[in-house]
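**Student:** Sequence plus predicted model, see below.
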Amino acid sequence: MAPSRRLRLLVPSLFEFPKHLELFPNLLTSLGSDDECATSTSRAQQILSAASITAAEDIPFRQERPRPAQGGERISEGFLMRLGRSECLWRFRFAADELIELAAALRLPPIFRTPASGYAVPRLEAITLTCARLARPGDIYDLVKEYDRSAAAISEIVNHTICLIDVAWAHLLDFDHNHLLAPQRLSEYASAIRNAGAPMSTVWGFIDCTLRRISRPTWFQRAAYSGYKKYHALKYQAVMIPNVRKVCSTSRCR
């Protein structure tokens, strides 16, 4: 076996310190051939110890990123009432009474536990933390220092709250086959359009397109540019039905 190969097997940690490469020739010399390898082990260990001690003195300790301490006050109904309407609107995009109604309207459990770590949280605190997290583009530690919850707890609470809302209300985003777009309703729409003077009896809706002009974006300018209108805009497409509602709504950039 070559001395360099024996060196790597015998003292692999030495290769973690590239600045001490000048020690390698002495170590290789001490290893020598296969017959001399056994008698040179003590010399190799001495060189390794010297290199490790010197390198440990030169390598600085890794400092963790400074983070704000957990503080503030847990969210409760009394806490929200003390904040006032304008402060609540700025922090959560909802007033205090609206947050209370929202938590009840979404039918969240009064108190639930997160599945991963078992954090117990009232539904008002859960929906308020979720609104605060979605309303701010900043770091999660901004919430840690204000609402007396750790970053891990806030992350789990927000994620689990969103999952609960999705499980309970995802059906509202499905294509409506039983109400607005039921076959009987489509016949009623077609009859209403026909009675209004349309030459056909099979039309039940009208394509609607709304173009909202926007400022020139930093990214994806080509996707947001409308060649027809000659400006950047968001294009919303939907199907209008005779009861002045939108169905089959989609939105995309043009």
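**Tutor:** That came in fine, so what should we check first?
**Student:** Would you mark the buried spots in stretch 179-187?
**Tutor:** Using 16 or more other C-beta atoms under 10 Å as the burial criterion, the residues of stretch 179-187 that qualify are Leu180, Leu181, Arg185. Bear in mind the C-beta positions are built from the backbone N, C-alpha and C, glycine included.
**Student:** ditto for stretch 211-224
**Tutor:** Ala224.
**Student:** Only C-alpha atoms, please: export that stretch in PDB.
**Tutor:** Output of stretch 211-224 as PDB, limited to C-alpha atoms (Å, rounded to 0.1, in the frame of the first residue of the first chain):
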ATOM      1  CA  LEU A 211     -57.900  43.800 -17.700                       C
ATOM      2  CA  ARG A 212     -56.400  45.500 -14.700                       C
ATOM      3  CA  ARG A 213     -53.500  47.800 -15.500                       C
ATOM      4  CA  ILE A 214     -50.400  47.500 -13.300                       C
ATOM      5  CA  SER A 215     -47.100  49.200 -12.900                       C
ATOM      6  CA  ARG A 216     -44.200  47.700 -14.900                       C
ATOM      7  CA  PRO A 217     -43.000  44.800 -12.900                       C
ATOM      8  CA  THR A 218     -39.300  44.100 -12.100                       C
ATOM      9  CA  TRP A 219     -39.700  40.500 -13.100                       C
ATOM     10  CA  PHE A 220     -41.700  38.800 -15.800                       C
ATOM     11  CA  GLN A 221     -42.400  42.000 -17.800                       C
ATOM     12  CA  ARG A 222     -43.000  40.000 -21.000                       C
ATOM     13  CA  ALA A 223     -45.600  37.800 -19.400                       C
ATOM     14  CA  ALA A 224     -47.500  40.800 -17.900                       C
END
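**Student:** Phi first, then psi, for Ala196.
**Tutor:** phi -80, psi 0 (degrees, to the nearest 10).
**Student:** Quick check: the gap between it and Ala190.
**Tutor:** 11 Å (C-beta to C-beta, to the nearest Å).
**Student:** Could you chop this protein up by domain?
**Tutor:** The record's domain parsing of the chain by automatic domain parsing lists 3-58, 77-172, 183-253.
**Student:** sec struct for Val158, please.
**Tutor:** helix (DSSP: H, G, I helix; E, B strand; the rest coil).
**Student:** How about the contacts made by it?
**Tutor:** Val158 sits next to Ala126, Leu129, Thr130, Arg133 when contact means C-beta atoms under 8 Å, 6 or more residues apart in numbering.
**Student:** Of the residues you listed, just the buried ones, PyMOL syntax please.
**Tutor:** The PyMOL selection below is limited to those of the contacts of Val158 classed as buried (16+ other C-beta under 10 Å):
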select buried, resi 126+129+130+133
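**Student:** Is it possible to get TSV of the contacts of Val158 that adds distance to Ala152?
**Tutor:** Output for these, formatted as TSV (distance: C-beta to C-beta, whole Å):
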residue	distance to Ala152
Ala126	15
Leu129	13
Thr130	16
Arg133	13
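**Student:** which among the contacts of Val158 gets closest to Ser201?
**Tutor:** Thr130 (48.3 Å; C-beta to C-beta).
**Student:** which phi and psi does that closest one have?
**Tutor:** Dihedral pair for Thr130: phi -60, psi -40, per degrees, to the nearest 10.
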